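# pasting the structure only:
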Ligand SMILES: Nc1ncnc2c1ncn2[C@@H]1O[C@H](COP(=O)(O)OP(=O)(O)OP(=O)(O)O)[C@@H](O)[C@H]1O
């Protein structure tokens, strides 16, 4: 279980996240939605320990993470795909994915590169292609695949669909959904594409200037058109 309680996050003197509390049961999928600059990325980075200064508690299976370096959180079962993907341009897709196998993991057994390529059929066809020869969407898929290899308990994805063609967005949505359900992997997804977020998760929180203004299921969200109109540009 991933529990975030009374989280505050700061960059220098700017107070970005205010009193965020959020719990994800094992295998749960939660989307963080909201307009640009509302704090979605900051929330994911706070959970990973990668950037903002935080106060409050972040616990994974009861163990406090807030003081731990990102690599330790990764070993404990959290994987982050940042917005900028960070695919190595001169390594092949298979080599980029294999890199994640070098990280030690305290959680379940990592998948093999072959298993990961079976999860992502599009990447299987591109396994020997170098990073710089991939489209933005293919790079994004490779970054997600690499993050899945250590078999994390919770996968954190930062706006994976940004700037991608609709076809690859659909295929990524299918694959993430399938992996989540088959492997019982938790997902915390920062996303502006509401249709994609809905496809991949069960619940959502809406952020507005660093505060949660809505938390519930997608059905509850649909029953609340005012939230949609006020906080999301649809
Ligand atoms: N490294 C940083 N230093 C200072 N301020 C930052 C930094 N990163 C983000 N911010 C500020 O924090 C606020 C929240 O940004 P964040 O990137 O978390 O929002 P977001 O909802 O993910 O937006 P987007 O969808 O545009 O990525 C914004 O006001 C942003 O300018």
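Great, that's in hand. These figures come from a predicted structure and were not determined experimentally.

# got the residues of the chain near the ligand?
Counting by CB under 6 Å from any ligand atom, the residues of the chain close to the ligand are 11, 14, 16, 34, 36-42, 190, 192. The way it works is simple: take the backbone N, C-alpha and C, and place the C-beta from them, glycine included.

# Counting by contacts, list what the helix or strand of the chain with the lowest mean pLDDT packs against.
Least confident helix or strand, the chain: helix 225-231 with a mean of 85, by mean pLDDT, DSSP states H and E. Applying 3 or more CB pairs under 8 Å, 6 or more residues apart in numbering; DSSP states H and E, one finds that helix 225-231 contacts strand 203-208, strand 211-217.

# which of those strands is buried the deepest?
strand 203-208 (a mean of 21; mean count of other CB atoms under 10 Å).

# how much does that one deviate in direction from strand 211-217?
On the basis of axes from the mean of the first three to the mean of the last three CA atoms, to 10 degrees, strand 203-208 is oriented at 160 degrees to strand 211-217.

# Direction included, what does strand 203-208 pair up with?
Sheet pairing of strand 203-208 (DSSP bridges) gives strand 29-33 (parallel), strand 211-217 (antiparallel).

# For the last one, give the mean pLDDT please.
Which is strand 211-217. Across strand 211-217, pLDDT averages out at 96.

# What of the first one?
The average of the pLDDT scores along strand 29-33 is 97.

# Which SSE is immediately downstream of it?
Remark: after strand 29-33, the chain's next helix or strand is helix 40-48, criterion DSSP states H and E.

# list the buried ones in the next helix or strand after that next one?
For helix 40-48, the following helix or strand on the C-terminal side (DSSP H and E) is strand 53-60. The neighbour-count check on strand 53-60 (16 or more other CB atoms under 10 Å) flags 54, 56, 58, 60 as buried.

# Please tabulate the residues you listed in JSON lines, including the columns pLDDT and distance to residue 148.
Output for the buried residues of strand 53-60, formatted as JSON lines (pLDDT from 0 to 100; distance: CB to CB, whole Å):
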{"residue": "54", "pLDDT": "95", "distance to residue 148": "26"}
{"residue": "56", "pLDDT": "96", "distance to residue 148": "28"}
{"residue": "58", "pLDDT": "97", "distance to residue 148": "21"}
{"residue": "60", "pLDDT": "96", "distance to residue 148": "17"}
